[in-house]
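take a look and give me a structure for this.
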Amino acid sequence: MIKIKHELIHKAKVQKSYAKIKAREPVIERPIFSEEHPTTHSEPAPEPTQELHPDRQAMLDAPREPSPLALPSQESQFQRQQQHRTDRRAKRPAYFEKEQAFAEQKKTEAEARKAEFERRDKEKKGKIEERERFRRAMAKARTGGKNGQRKLGKESKVLLERVKRMVGE
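Sure thing, here's the model as predicted:
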């Protein structure tokens, strides 16, 4: 990662220096479609010289910095580790905040639906159980006693509960 970063910085510096050099030199306009052959110029090419370009000479004279490919010193390695630790502790950017908020909203809606379903199911089971209890009590009250007659005391209590439920609702 660091190597790539240094390479990109180096490329940018080279491009910048190239643009400066290109801007200093005069622009020679030639027609795109000329009748004469491009190899036959009326001007002779300038003779190459052995002198170094001023930028290159300044670069050679400047104090040399360690290359990124060289082995890092213990101090710089320690600094990188410290930087890495602080980066890890820092709040990282949430790239998908909208999606996370949407997912959280869906999750809360699903939990609400589940709670509502459980409440209705519990209510439904309670009513079924109550109906079954009432049915058993009525069946027991209708069975004949010792002489085969209905047990009106037990049956009246069950019917009274039924009336109370109807009036209460």
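
listing request: residues of the chain with sub-threshold pLDDT.
Filtered on pLDDT under 70, the chain yields the residue ranges 27, 29-46, 48, 64-75, 84-93, 169.

next structured bit after the longest helix seen in the chain?
Of all segments of type helix in the chain, defined using DSSP state H, the longest is helix 97-142. Using DSSP states H and E, the next helix or strand after helix 97-142 towards the C-terminus is helix 152-168.

what sits up against that following helix?
With CB atoms under 8 Å, 6 or more residues apart in numbering as the test, helix 152-168 has contacts from 134, 137-138, 140-142. To be clear about C-beta, it is placed using only N, CA and C from the backbone, and glycine gets the same treatment.

before we move on, what SS does Glu51 have?
The local conformation at Glu51, judged by DSSP: H, G, I helix; E, B strand; the rest coil, is coil.

for the residue located most distally from the centre of the chain, what are phi and psi?
Distance from the C-alpha centroid of the chain peaks at Asn147, with 80.2 Å (CA atoms, centre = their mean). Dihedral pair for Asn147: phi -100, psi 10, per degrees, to the nearest 10.

check contacts around it.
So Asn147 contacts nothing (CB under 8 Å, 6+ apart).

number of residues surrounding Glu155?
15 (other CB atoms under 10 Å).

likewise Ala137?
17.

leaving out sequence neighbours, find the closest residue to it.
Distance criterion CB to CB, 6 or more residues apart in numbering; nearest residue to Ala137, sequence neighbours excluded, is Val158 at 4.6 Å.

any idea how far the one you found lies from Ala141?
Going from Val158 to Ala141 by CB to CB, to the nearest Å gives 6 Å.

then Lys124?
In terms of CB to CB, Lys124 sits 26 Å off from Ala141.

which one of these two has more residues nearby?
Of the pair Lys124 and Ala141, Ala141 is the one with more neighbours under other CB under 10 Å, namely 17 against 10.
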